[in-house]
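Student: from the sequence below, what's the structure:
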Amino acid sequence: MCFSSTPRGARLARRLCGTRLDAWGIPYGSDAHDVVTLVSAELCANAVRHGHVAGRDFHVLLTADPATCTVRIEVSDTRGERLPRIPTAPPDGDGGRGLLLVEALADRWGWSPRATGGPGKTVWAECAAECAAPRDLIT
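Tutor: Residues are numbered from 1 along each chain as shown. Okay, here's the model as predicted:
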């Protein structure tokens, strides 16, 4: 889905990810739901804060693989020159901890140029999830 590159867009993306997880059989309040929702919230917040280009939206793709019980979050923005990196020094103030959380909670994460060939990058993370019945967990 496509979201406005604003704090409100990031909140909406987080809520829609949570709703989709619940529909896939990863219920609200479960550890897997909380982890995936937090990781998606951090990636969306980073897209708004660090990947914002005036007049351009960010995109979220949420997929689940029932064979491996893995959920993948992909957040694409249009600012390719600002690449994600883990801070080497302790963050100052209230910011700078998002990727530290992603690093700690996700099983894997990384980034790549946008697959659509447009400007920007895609930051992705994969998280283990409780397996639902195969008919309930659909990509």
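Student: in the sheet, who's paired with Val75?
Tutor: Taking DSSP bridges as the rule, Val75 bridges to Val60, Val123.
Student: can you pull the contacts of it?
Tutor: 13, 40, 43-44, 46-47, 58-60, 122-124 (C-beta atoms under 8 Å, 6 or more residues apart in numbering). C-beta: built from backbone N, CA, C; applies to glycine.
Student: rerun that using 10 Å as the cut-off
Tutor: By C-beta atoms under 10 Å, 6 or more residues apart in numbering, the contact list for Val75 reads 3, 10, 13, 39-40, 42-48, 51, 58-62, 111, 121-125.
Student: and what of Val60?
Tutor: 1-3, 9-10, 12-14, 16-17, 20, 40, 43-44, 47, 73-76.
Student: buried ones only from these, please, as a PyMOL command.
Tutor: To isolate the buried members of those in PyMOL, using 16 or more other C-beta atoms under 10 Å:
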select buried, resi 3+9+10+12+13+14+17+20+40+43+44+47+73+74+75+76
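Student: in helices only, show me the contacts of Val75.
Tutor: Counting by DSSP state H, the part of the contacts of Val75 found in helices is 10, 13, 39-40, 42-48.
Student: wait, which of those is closest to Arg82?
Tutor: Within those, proximity to Arg82 (C-beta to C-beta) peaks at Asn46, which comes in at 9.4 Å.
Student: burial measure for that closest one, as a count.
Tutor: Residues contacting Asn46 under the criterion other C-beta atoms under 10 Å number 21.
Student: for Ile73, phi and psi?
Tutor: Main-chain dihedrals, Ile73, degrees, to the nearest 10: phi -110, psi 130.
Student: thought Ala47 was touching it, still the case?
Tutor: No: using C-beta atoms under 10 Å, Ile73 makes no contact with Ala47, being 11.2 Å away.
Student: this completes my enquiry, with thanks.
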